[in-house]
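**Q** no sequence on this one, just coordinates:
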């Protein structure tokens, strides 16, 4: 992932149900609790909360799991 992702970017990722797309709603640059688990994040390795386009489900992923979509 060469693009620095930011809030509002439209991205896609793989899930158990196949390819999913959504918009980044939060960028975490320090450790945070999500769904009962501590997720590790830093300025050099942030994690992103993404709201699914279809289901409004929110997922947390690192940049290497995300693909920036050009259809913004």
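**A** Good, I have the coordinates. Quick caveat, the model's predicted, so the values are computed rather than measured. Numbers count the residues shown, from 1 in each chain.
**Q** show me the shaky parts of this structure.
**A** Applying pLDDT under 70 to the chain flags residues 1-3, 71-72.
**Q** quick one, what contacts the closest residue in space to residue 34 that isn't next to it in sequence?
**A** Closest residue to residue 34 apart from its sequence neighbours, by CB to CB, 6 or more residues apart in numbering: residue 60 at 5.0 Å. (C-beta placed from N, C-alpha, C; glycine too.) Applying CB atoms under 8 Å, 6 or more residues apart in numbering to residue 60 gives the contacts 28, 34, 35, 39, 47, 48, 49, 50.
**Q** beta partners of residue 60?
**A** Legend: beta-bridge partners of residue 60 under DSSP bridges are residue 49.
**Q** buried subset of the contacts of residue 60?
**A** Among the contacts of residue 60, the ones that count as buried by 16 or more other CB atoms under 10 Å are 28, 47, 48, 49, 50.
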